[in-house]
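Visitor: No sequence on hand, only this structure:
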């Protein structure tokens, strides 16, 4: 019997009769016999390769049994695991505090509980808020930039609505306290949006040898996607977070993420109030933009080429030459800044201690209950608002997401309906 070490290190016993001789293929019998011989020859070659591998590798002895790896090889394998890149999560807080255009702290509580329990676990998390007057620079360049959000806020005219909105503004400190209890550092820089702060910190994290994961529903971050930069976004239809990687981007847009910013400058961004070329040149669509960007690489290269020669069809040439300044303004508005005056300290990139998560989530829930009573005094928490139909923020749900073995908390007796 011949003992062979297979790829899964299990021993395979083969009798000598199973190792066929090559001369068996030269038999000139019926075609059926030749077919059998051909399949037998394939089996013989496979077995021969295993025998040769077992005899030529130092990790096996003469009998073919598995031997321990040499010490230097073990050290190399351990070093490979030790040098694996760690993940750093950047939490874009402001979008999570809204459900559509309506301020909703219950939406934040829902998504942050899932984020801690199913996404980041004990990886370091850095929360980022929009700074005061963070979008003034972009609004000076383009007055329509996020102008629809201000129009929506003016609709809060009733006293109860004003009270709710002011209470929501004061609740920012509650979110900060909650994040700090969960050992999540909070960053905010006056005059800068959270997008620019995160883009700056991502570059610093990559220089330190980490991978970056941006937790946000904002599609502006797609311009940062690479092998070491991913996005994880909340999906309300599925009720969970979903990772969005370089492979997802290429499959969706059929182009490189380096061209994402240029593509959005041409197509525009209705959510942020940035008009694209489609309103000025209806024939200039996504397919034309992707085709031209694949050829020229970036928006600036495309505009420079259109200024000296014809690129694409006539309608594309006319749109690029006539509206070049419009596209350059879009580029300056949509491009994320990477030079914000903020620096990431090394002690923030340590493993997050999540022992305080259950208690912090419980405190957050009771604060949300008080918020619902103020904003909707005549309606119970369980039956109010569209978000309550899809989002369950009871203490037992929040705690079960963080720690499945924790004790469920009962409601206070004076709160009959929640």
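Guide: That came in fine, so what should we check first? As the structure is a prediction and not an experimental result, all values here were calculated from the model.
Visitor: going forward, measure contacts between C-alpha atoms and count neighbours the same way
Guide: OK.
Visitor: Quick check: pLDDT value at the nearest residue to residue 136 once chain neighbours are set aside.
Guide: With Cα to Cα, 6 or more residues apart in numbering as the criterion, residue 136 has its nearest non-adjacent residue at 7.5 Å, and that residue is residue 191. You'll see residue 191 listed with a pLDDT of 92.
Visitor: Repeat that for residue 198.
Guide: pLDDT recorded at residue 198 is 98.
Visitor: Low-confidence bits of this protein, can you list those?
Guide: Low-confidence segments of the chain, defined by pLDDT under 70: 1-84, 148-170, 371-418.
Visitor: Can you give the domain ranges for it?
Guide: With domains defined by automatic domain parsing, the chain comprises 1-84, 85-255+337-418.
Visitor: who's in contact with the residue nearest to residue 136?
Guide: By Cα atoms under 8 Å, 6 or more residues apart in numbering, the residues touching residue 191 are 131-136.
Visitor: do you know how far it is from residue 344?
Guide: As for residue 191, its distance to residue 344 is 18 Å (criterion: Cα to Cα, to the nearest Å).
Visitor: What is the neighbour count of residue 323?
Guide: 14 (other Cα atoms under 10 Å).
Visitor: swap that for residue 290, please
Guide: 21.
Visitor: now swap in residue 100 and tell me
Guide: Neighbours of residue 100 (other Cα under 10 Å): 9.
Visitor: just residue 219 next, same as before
Guide: For residue 219, using other Cα under 10 Å, the count is 11.
Visitor: what's the answer for the one 5 residues further on, then?
Guide: By the measure other Cα under 10 Å, the count of residues near residue 224 is 22.
Visitor: ok, now which ones touch it?
Guide: Here residue 224 is in contact with 199, 257-258 (Cα under 8 Å, 6+ apart).
Visitor: let's see it at 10 Å
Guide: 199, 202-203, 212, 214, 230-231, 246, 257-258, 260-261, 336 (Cα atoms under 10 Å, 6 or more residues apart in numbering).
Visitor: how about JSON lines for those, with distance to residue 239 and secondary structure added?
Guide: Shown next, in JSON lines, are these (distance: Cα to Cα, whole Å; DSSP: H, G, I helix; E, B strand; the rest coil):
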{"residue": "199", "distance to residue 239": "27", "secondary structure": "helix"}
{"residue": "202", "distance to residue 239": "27", "secondary structure": "helix"}
{"residue": "203", "distance to residue 239": "31", "secondary structure": "helix"}
{"residue": "212", "distance to residue 239": "23", "secondary structure": "strand"}
{"residue": "214", "distance to residue 239": "18", "secondary structure": "strand"}
{"residue": "230", "distance to residue 239": "20", "secondary structure": "strand"}
{"residue": "231", "distance to residue 239": "17", "secondary structure": "strand"}
{"residue": "246", "distance to residue 239": "23", "secondary structure": "helix"}
{"residue": "257", "distance to residue 239": "27", "secondary structure": "helix"}
{"residue": "258", "distance to residue 239": "30", "secondary structure": "helix"}
{"residue": "260", "distance to residue 239": "27", "secondary structure": "helix"}
{"residue": "261", "distance to residue 239": "29", "secondary structure": "helix"}
{"residue": "336", "distance to residue 239": "29", "secondary structure": "coil"}
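Visitor: want to throw those into CSV with neighbour count?
Guide: Below are these laid out as CSV (neighbours: other Cα atoms under 10 Å):
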residue, neighbour count
199, 20
202, 25
203, 16
212, 27
214, 28
230, 22
231, 25
246, 19
257, 18
258, 16
260, 22
261, 24
336, 21
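Visitor: ok, these vs residue 304, which is closest?
Guide: Nearest to residue 304 out of those is residue 261 (Cα to Cα; 16.9 Å).
Visitor: Residue 272 versus the closest one, what's the distance?
Guide: Distance from residue 261 to residue 272, by Cα to Cα: 14 Å.
Visitor: hey, what's in contact with both of the two?
Guide: 220, 334.
Visitor: quick one: the strands in the stretch 101-250 of the chain?
Guide: 102-103, 125-128, 186-187, 211-215, 229-235, 240-244 (DSSP state E, counting those that start in this stretch).
Visitor: Highest mean neighbour count across those, which stretch is it?
Guide: Counting by mean count of other Cα atoms under 10 Å, strand 211-215 has the highest mean neighbour count of these, with a mean of 25.
Visitor: who's in contact with stretch 337-351?
Guide: Where contact means Cα under 10 Å, 6+ apart, the residues beyond stretch 337-351 that reach it are 86-89, 121-126, 183-185, 187-189, 191-193, 195-205, 208, 210.
Visitor: out of these, which are buried?
Guide: 87-89, 121, 123-126, 183-184, 187-189, 192-193, 195-205, 210 (16 or more other Cα atoms under 10 Å).
Visitor: which residues in the stretch 201-350 of the chain form helices?
Guide: Secondary structure of the stretch 201-350 of the chain (DSSP state H, counting those that start in this stretch): helices located at 246-253, 260-267, 286-296, 299-308, 314-322, 324-334.
Visitor: and residue 353, which of those helices is closest to it?
Guide: Nearest to residue 353 among these is helix 246-253 (29.7 Å), distances taken as Cα to Cα.
Visitor: Which other helices and strands does the closest one contact?
Guide: Contacts defined by 3 or more Cα pairs under 10 Å, 6 or more residues apart in numbering; DSSP states H and E place helix 246-253 against strand 229-235, helix 260-267, helix 286-296.
Visitor: hang on, the earlier thing: please identify which of the helices of the stretch 201-350 of the chain is closest to residue 99.
Guide: That would be, of those and by Cα to Cα, helix 324-334, which comes in at 23.0 Å.
Visitor: Quick one: list the elements packing against the closest one.
Guide: Applying 3+ Cα pairs under 10 Å, 6+ apart, we find helix 324-334 packed against helix 136-141, helix 260-267, helix 299-308, helix 314-322.
Visitor: Let's see that with 8 Å instead.
Guide: Packing contacts for helix 324-334, counted by 3 or more Cα pairs under 8 Å, 6 or more residues apart in numbering; DSSP states H and E, involve helix 136-141, helix 260-267.
Visitor: which one of these is the most hemmed in?
Guide: Of all the helices and strands packed on helix 324-334, helix 260-267 carries the top mean neighbour count, a mean of 24, counting by mean count of other Cα under 10 Å.
Visitor: Noted, bye for now.
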